[in-house]
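Peer 1: Have a look at this fold, sequence not included:
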Ligand code: ZN
C-alpha cells in the first residue's frame, strides 16, 4: 500500500456538507461525482497532499443511507492507494481478510476499488484504490 489516498465521510446532505467543508478547508470541492451502481453522490476536497471524500446517499436503500441510519454521520472509511489492486486483494485474502467484493469495482474519482470488511480491520472499513490509467 502506497499511502492513504483519502478519508471518506458519510453525510446526509451533500450540498450542506459541501458548503461546510468548503468553509472548513478554505477551498471548494474539485470534483463531484455520482456513482450510480453504489447509489451515492461523492465530492472530493484537497487539503495539501491529502483528500477528503464526502459521500451521501442518492437512494433510500443505498448502503450509505443504511450506514447513517445505524451510526450517524461521520468518518466512514480510510482508503489506501495501491498499484495493483488484484495483487493486493489476493495478498489480503491469503492473510484472512474478508473482502466485500470478489473483483475490483469501478469507484469514484477514476479508481478501481475494493473494500475490506470492518470486522477484518478492528472496526474500520478499509478501501483499496488503484488509479485507472
Ligand atoms: Zn473512498
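Peer 2: Thanks, I have it. Just so we're clear, the structure is a prediction, and the values are computed from it rather than from any experiment.
Peer 1: switch to C-alpha atoms for all contacts and neighbour counts from now on
Peer 2: Noted.
Peer 1: Show me the strands in this structure, by range?
Peer 2: Remark: strands assigned in the chain by DSSP state E are 3-10, 31-35, 40-47, 50-57, 74-81, 105-106, 111-116, 126-131.
Peer 1: Figure out which of the ones you listed is closest to residue 23.
Peer 2: Residue 23 lies closest, by Cα to Cα, to one member of the strands of the chain: strand 40-47, at 11.3 Å.
Peer 1: Give me the contact list for the closest one.
Peer 2: Defining contact as Cα atoms under 8 Å, 6 or more residues apart in numbering, one finds that strand 40-47 is touched by 14, 18, 25, 27-35, 51-59, 62, 64, 108.
Peer 1: switch to 10 Å and redo it
Peer 2: Outside strand 40-47, the residues that touch it by Cα atoms under 10 Å, 6 or more residues apart in numbering are 6-11, 13-15, 17-18, 21-22, 25-35, 51-59, 62-65, 108-109.
Peer 1: Which pLDDT value goes with the spatially closest residue to residue 64 that is not a sequence neighbour?
Peer 2: Excluding its sequence neighbours, the residue lying closest to residue 64 (Cα to Cα, 6 or more residues apart in numbering) is residue 57, at 5.4 Å. pLDDT, residue 57: 97.
Peer 1: Residue 57 reaches residue 66, doesn't it?
Peer 2: Yes: using Cα atoms under 10 Å, residue 57 is in contact with residue 66, at 8.9 Å.
Peer 1: can you count the residues close to residue 117?
Peer 2: When neighbours are defined as other Cα atoms under 10 Å, residue 117 has 18 of them.
Peer 1: no, scratch that, I was asking about residue 133
Peer 2: Counted with other Cα under 10 Å, residue 133 comes out at 5.
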